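*Asks:* Can you look at this prediction? I've put the sequence above it.
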Amino acid sequence: MSEAREARRDTVRKGLRRRGRLLAEALRPPVGGLGGTAAPGGPNGESVEPSSVGGTVPRAPRLVESPVFVLSPVRSGSTLLRVLLNSHSQIRAPHEMHLRTVHVRLDRDFSAAAMRELHLDKEELEHVLWDRILHLELERSGKRLIVDKTPPNTLAWERLRRCWPKARYIFLRRHPGAVVGSLMNRRSGADRAEVLEEVTHYARRLEEAERVLPGLTVHYEELTAEPARITGEVCDYLGLEWEEGLLDYGRRDHGPYRPQLGDWSDNIKSGRVLPARPVTPADTAALPDELRGIAERWGYPVAD
């Protein structure tokens, strides 16, 4: 009996020592130190970059170094821009991918420690996964460039920059009054105050991104009025030759049009570029001061 008890105690002591080692590992300062400098090298001594601003681990190599992101408020014409670009022979622009909602879970108490020994943390693991998703979609398409037009990316542009420091951006603007009107029409029983708050939040974040990130600014109204000129400017920005087939997006398969994946209205299903809904002075006057100011900064006329 005493031998059995001693064996159990020895097992408990070993377990406690193991837990202590794991706790010490979890509390160990991150690779690169708290100052945010990169570690001397990756697992094989290669030069590496931090995975984030003040990064905690080296940034893993990316399979897609320079993806393109369309940043815009919701209901701003990003699906139209997507299908036009997806009609190019060298551009893959799939439905909204919502990468920011795709997460990695480290289930066990030793999972983080095991990944840290591979110079990976939870954020960088997610970045590697997101990058692989883009690469897989690009390989399947046989094209050169991939464009993601998920509007909520606008709310997480800092994370995109951390994941892909060499990403390129297209900033898509639409008159805030038109965005508000479109949301009110789309959502049954929508509360106008909540819609105004949502549109204001998106517009603020888009302006923040435009101040920091390199990119091309496009207006939805100009895209619908002069699609050849605007898509030509986008192709120039991306380093591609413009193709006339971009304007005939209805002849190509762009995947399903359904909620959560992009616009699913009759307009987008028509296969034609239709004129933007005009915004009246009354629409603009009904906006709160902040949104009217944003509209003015974006070049839209604002009545006194």
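*Replies:* Alright, I've got the coordinates.
*Asks:* After the helix or strand of the chain with the lowest mean pLDDT, which helix or strand is next?
*Replies:* Ranked by mean pLDDT, DSSP states H and E, the weakest helix or strand in the chain is strand 49-50, scoring a mean of 48. Downstream of strand 49-50, the next assigned helix or strand under DSSP states H and E is strand 58-59.
*Asks:* what about dumping the CA coordinates of the next helix or strand after that next one to CSV?
*Replies:* Downstream of strand 58-59, the next assigned helix or strand under DSSP H and E is strand 68-71. What follows is strand 68-71 as a C-alpha-only set of coordinates in CSV (Å, rounded to 0.1, in the frame of the first residue of the first chain):
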residue,chain,number,x,y,z
VAL,A,68,-5.5,43.5,-53.4
PHE,A,69,-8.2,44.6,-51.0
VAL,A,70,-11.2,46.8,-51.8
LEU,A,71,-12.0,48.8,-48.7
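*Asks:* List the buried residues for strand 68-71?
*Replies:* For strand 68-71, a neighbour-count test (16 or more other CB atoms under 10 Å) marks 68, 69, 70, 71 as buried. (Glycine included, C-beta is placed from N, CA and C.)
*Asks:* what's the answer for stretch 272-282, then?
*Replies:* By neighbour count with 16+ other CB under 10 Å, stretch 272-282 contains the buried residues 273, 276, 277, 279.
*Asks:* coming back round to it: okay, the buried residues of strand 68-71 in a markdown table with distance to residue 123 and pLDDT next?
*Replies:* Output for these, formatted as a markdown table (distance: CB to CB, whole Å; pLDDT from 0 to 100):
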| residue | distance to residue 123 | pLDDT |
| --- | --- | --- |
| 68 | 22 | 98 |
| 69 | 18 | 98 |
| 70 | 23 | 98 |
| 71 | 20 | 98 |
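*Asks:* Tabulate those in CSV, adding columns for distance to residue 224.
*Replies:* Output for the buried residues of strand 68-71, formatted as CSV (distance: CB to CB, whole Å):
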residue, distance to residue 224
68, 21
69, 21
70, 15
71, 19
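*Asks:* Which single one of the residues you listed is nearest to residue 261?
*Replies:* Residue 261 lies nearest to residue 70 out of those, by CB to CB, at 14.4 Å.
*Asks:* can I assume the closest one is in contact with residue 80?
*Replies:* No - applying CB atoms under 8 Å, one finds residue 70 not in contact with residue 80, separated by 10.7 Å.
*Asks:* where does the residue sitting nearest the centre point of the chain fall, helix, sheet strand or coil?
*Replies:* Residue closest to the average C-alpha location in the chain (CA atoms, centre = their mean): residue 153, at 3.3 Å. Per DSSP: H, G, I helix; E, B strand; the rest coil, the local secondary structure of residue 153 is helix.
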